[in-house]
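> give me coordinates for this.
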Amino acid sequence: MLIAVAYLGLHTVPRAWTKLNTDFPNYYLTARLAHEGYDTSRVYEWIWLQREKNHRTLDIPAVGMIPITPFSTLVIWPLTALPALAAKHVWMIANLAFLVPLCWFIHSLTGLSYQRIALVLAFSLPLQRNLLYGQYYIFLLVLLVAACWCYVREHYVISGALIAVAAACKIFPVLLVLLFLQRRNWRALASFAVTGIGAAALSIAMFGWNIHRTYLYQVLPWALHGEAMPPYIPSAASISGLLHYLLLAEPQWNPHPWHNSPLLYALLQPALQMLLLAPAILLIRRNDRTPERIILEWVGLLTASLAISTIPASYNFVLMVFPVCALAALLIERGMIRWLIALIVAYLGIGFPMPAPGRPMGPAILLFTPRLFLMAAVLIGIYLLLWKNPREQRAAADWSRYSWASFMVAAVLVNIHSTLLREQAVRQEFAYRVPLETQFLLNGDPAAAGSATNYVAGSANGYRLVTAGTMTWVDPSPDDDLSFSAGLGNTSASAGHTFMEKARNGISEIADSRETGKALVEDGRNPMLSIDGENLAFVRADHGRGRLMVLQSFHSAHAAEAALTPASINVYDASFISQRDFAVSGVEDGRPPQIYLTDPGHQNTALDLGESRYPALSPDGHWMAYSRLEHGVWNLWIRDRQTGATRRVADVPCNQIGSSWEADSKTILYANDCGRSLWFTAIARRRVIP
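Purely as a prediction, here's the structure:
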């Protein structure tokens, strides 16, 4: 105990105290934006949130909200009045304080001594990671253990409410509702539903509806099939990550899998997940109301939810403190000391961080994923205890188990079919990929720059504007490059120039790449050069709401700014030919985003294109490319500006965004995340006009 506490006090706490680590800034920044009255509808967009981070000079290279729920950030809301590092200090102290009620609840439930509970906590490396990163799985663990304590004490309403709050923070605790269903506990279930609705209403009131639409229709589905974060990381020890690595090819992240087979992936991924989860549901016995049985069923569902998680991180497994304490108490009571030793070894192995291999390994990668197998072993042990529980009351056959089994088989078959169709469809896009010499996590907003292609490359160290092929940085300064205009103007003064958005002094500035120290526009983003090279359009934001502006005759000493869109439209994206010919996508009155077109006959007129974004006007003025949202993904469409006719370019279950035209007005560059993870895009090129 002394050794473990010394390590915590002399190593982990000092490291956590002196700097911001992922993931605390993600929660803090989002809560602070809402606290300051910002429009947070775009908070899941990587570059948008990075820009807001830069404006607040948070000392961390990169931030991102995926796959965090909006509600979860409200836990940090009371701390947003403090500077970020001071807020983390308070949060760390609060997390250490949470350990006191946690120990009391576990002692009350299991009878395990405080000394032994403290040992389990002290030797939890995931707990140390929670403190280092400013995560709040300790808080989540308190909620889940308190909910179990309330259920055992027959405080069913409070138990259901606590699970609802936990599920609003992290989705996976919703699996504990299956225990309410199996035990026909309608009070707990009703409490869960009412509290869940209340939590959703509170979150919508604080952040607005659009951010929740984005989460429900775009973020959550990708999280469920294991692609909310980069999936080809087997050391994360998820079933989904391991199968991605072994069975699915991706041209840049995983070009040489062990056996490229979308069919085998589609068969194994849902089947293995259901094999781990199904016994936790089928072994629930509603006629046995003994505390021991209820606790064992509770920790079985909790352990199963961690074992099948599609994006597990090391700090998630602090939640194993409760299952290990419950199992240890039971094994000690029954004198099963050998099994207790095996449990201790498994627990230490689950928390031990494994390095990622530096080269493709094929099936040998299984040696780097012991956590997955140790979790499965602990889960099987729980199921054996549930199966052979000597206190189980034998009762008449429960026919509902057959209904559950039939439902789960049907769910697996449906999932296999949908997964196979998705994986086959996303591979259609691989033929259009632009090969890149250096691999970044995110490659977005591509645009032709003469004979080259420039794009924004994002990594854990920030965002840089680079040139494809040579992979040279357009600007070597350390400031983030968040957007740019390639400078295709026809005038000699502008041809070949690149205008870049730089984050400086708490605001965004637009500068010429040849004179990056001189700001052409202060407090502006997304530069766009007119086709004649005389005017520079940009977006200026006020509390997260964008407005399209133009700097007229920006080369001259008499340059003047003018607004091109009304304040009622919150501009998301824009394409600019001239002051009389441009298109924007934006939001009015909280409605979904749509595209507005301005030309000599139509002033900011909304086009009937459905939910649409990312307009791109061709240099010859004939075409407009855009992305339309259907079934939770953005796909490319083309609109003939003369006839108004629209044509779909592709129908794939992944995102095609940020398009731009090449000089021939027939070929487009765009970013797509097919076969990757949500909005971690690659660059593609496609000829769309014959």
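> the helix or strand containing M624: what's the following helix or strand?
Element membership for M624, per DSSP states H and E: strand 623-630. Once strand 623-630 ends, the next helix or strand along the chain (criterion: DSSP H and E) is strand 633-640.
> just checking, what packs against that next one?
Counting contacts by 3 or more Cβ pairs under 8 Å, 6 or more residues apart in numbering; DSSP states H and E, strand 633-640 packs against strand 612-617, strand 623-630, strand 646-648, strand 656-661. Backbone N, C-alpha and C define where each C-beta goes, glycine included.
> hmm, try it at 7 Å
In terms of contact count using 3 or more Cβ pairs under 7 Å, 6 or more residues apart in numbering; DSSP states H and E, strand 633-640 is assigned the packing partners strand 623-630, strand 646-648, strand 656-661.
> return the most buried member of these.
Ranked by mean neighbour count, the helices and strands packed on strand 633-640 are led by strand 656-661 with a mean of 26 (mean count of other Cβ atoms under 10 Å).
> in CSV, list the C-alpha atoms belonging to it.
Taking Å, rounded to 0.1, in the frame of the first residue of the first chain, the C-alpha atoms of strand 656-661 are listed here in CSV:
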residue,chain,number,x,y,z
GLN,A,656,-17.4,13.1,-48.5
ILE,A,657,-16.8,16.6,-47.4
GLY,A,658,-14.8,19.8,-48.1
SER,A,659,-14.8,19.6,-51.9
SER,A,660,-13.1,22.1,-54.3
TRP,A,661,-12.8,22.3,-58.1
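> who does that strand touch, helix- and strand-wise?
strand 442-449, strand 612-617, strand 623-630, strand 633-640, strand 667-677.
> what about 10 Å?
strand 442-449, strand 452-459, strand 570-578, strand 612-617, strand 623-630, strand 633-640, strand 667-677, strand 680-687 (3 or more Cβ pairs under 10 Å, 6 or more residues apart in numbering; DSSP states H and E).
> out of the ones you listed, flag the one nearest F322.
When these are compared by Cβ to Cβ, strand 667-677 sits nearest F322, at 30.3 Å.
> parallel or antiparallel, which strands does the closest one pair with?
Within its sheet, and counting by DSSP bridges, strand 667-677 is paired with strand 656-661 (antiparallel), strand 680-687 (antiparallel).
> state the mean pLDDT of that strand.
Across strand 667-677, the average pLDDT comes to 95.
> before we move on, the earlier item: same list, the strands paired with strand 667-677, but as JSON lines with mean pLDDT and distance to W186 please.
As requested, these are exported to JSON lines (pLDDT from 0 to 100; distance: least, Cβ to Cβ, whole Å):
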{"stretch": "strand 656-661", "mean pLDDT": "95", "distance to W186": "45"}
{"stretch": "strand 680-687", "mean pLDDT": "95", "distance to W186": "43"}
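> W623 reaches L636, doesn't it?
No. The pair formed by W623 and L636 falls short of the contact definition of Cβ atoms under 10 Å, at 11.8 Å.
> quick one, what contacts P370?
When contacts are counted by Cβ atoms under 10 Å, 6 or more residues apart in numbering, P370 touches 237, 346, 349-350, 352, 354, 377.
> tell me the confidence at it?
As predicted, P370 sits at a pLDDT of 90.
> ditto for V378
Note on V378: pLDDT of 97.
> and it, how far from A328?
11 Å (Cβ to Cβ, to the nearest Å).
> check R51 too.
Distance of R51 to A328, given as Cβ to Cβ: 48 Å.
> before we move on, what about I239?
Applying Cβ to Cβ, the value for I239 to A328 is 27 Å.
> which one's more surrounded, the two?
Using other Cβ atoms under 10 Å as the criterion, I239 and A328 rank with I239 on top: 24 against 21.
> quick check, that one in contact with L272.
Yes. Between I239 and L272 there is a contact under Cβ under 10 Å: 5.1 Å.
> shared neighbours of these two, anything?
307-308, 376.
> list the buried ones in the helix or strand hosting A346?
Using DSSP H and E, A346 sits in helix 337-351. Neighbour-count burial for helix 337-351 flags 339-340, 343, 346-347, 349-351 (criterion: 16 or more other Cβ atoms under 10 Å).
> from the chain's centre, how far out does whatever helix or strand comes next after it sit?
The helix or strand immediately downstream of helix 337-351 is helix 370-387, counting by DSSP H and E. Its chain's C-alpha centre and that of helix 370-387 lie 28 Å apart, by Cα atoms, centre = their mean, to the nearest Å.
> does G586 touch S568 like I think?
Yes. Look at G586 against S568 with Cβ under 10 Å: they come within range, at 9.2 Å.
> so, low pLDDT: which residues of the protein?
For the chain, the stretches flagged by pLDDT under 70 are 234-236, 389-398, 469-476, 486-496, 505, 516, 599-602.
> so what's A563 bridging to?
Applying DSSP bridges, one finds that A563 bridges with M549.
> from L224, how far off is it?
Using Cβ to Cβ, which is the criterion applied here, A563 is 42 Å from L224.
> more crowded one of these two?
In this view A563 and L224 are compared by other Cβ under 10 Å, and L224 has more residues nearby, 15 against 11.
> isn't the more buried one right up against Q269?
No. L224 is beyond contact range of Q269, at 11.0 Å (criterion: Cβ under 10 Å).
> what residues are shared contacts of these two?
Residues touching both L224 and Q269 (Cβ under 10 Å, 6+ apart): 240, 310, 415.
> hmm, who's touching the helix holding A346?
For helix 337-351, using Cβ under 10 Å, 6+ apart, the contacting residues are 119-120, 123-129, 237, 306, 314-315, 317-318, 320-321, 323-325, 327-332, 334, 336, 370-378, 381, 384-385.
> the nearest residue to A560 once chain neighbours are set aside - how many residues pack around it?
Nearest non-adjacent residue to A560, counting by Cβ to Cβ, 6 or more residues apart in numbering: Q552, 5.2 Å away. Using other Cβ under 10 Å, the number of residues around Q552 comes to 16.
> got it, and the one 5 residues further on?
A557: 5 surrounding residues under other Cβ under 10 Å.
> using the three-state scheme, assign it.
Using DSSP: H, G, I helix; E, B strand; the rest coil, the structure places A557 in coil.
> list the contacts for the nearest residue to E36 once chain neighbours are set aside?
Once flanking residues are discounted, E36 sits nearest to H543: 7.1 Å by Cβ to Cβ, 6+ apart. Going by Cβ under 10 Å, 6+ apart, H543 touches 33, 36-40.
> could you measure from H543 over to G590?
H543 is 15 Å from G590, where distance means Cβ to Cβ.
> quick one, which of the helices and strands packed on strand 656-661 gets closest to I365.
With Cβ to Cβ as the measure, strand 667-677 is the member of those nearest I365 (18.8 Å).
> list the buried residues in that closest one.
668-677.
> between these, which sits nearest F71?
Lowest distance from F71 to the buried residues of strand 667-677 (Cβ to Cβ) belongs to S677, with 22.5 Å.
> hmm, who's touching the strand or helix carrying R213?
In this assignment (DSSP H and E), R213 forms part of helix 209-214. Here helix 209-214 makes contact (Cβ under 10 Å, 6+ apart) with 30, 34, 39-45, 65-66, 69-71, 200, 203-204, 219-220, 570, 587, 590-593, 611, 629, 632.
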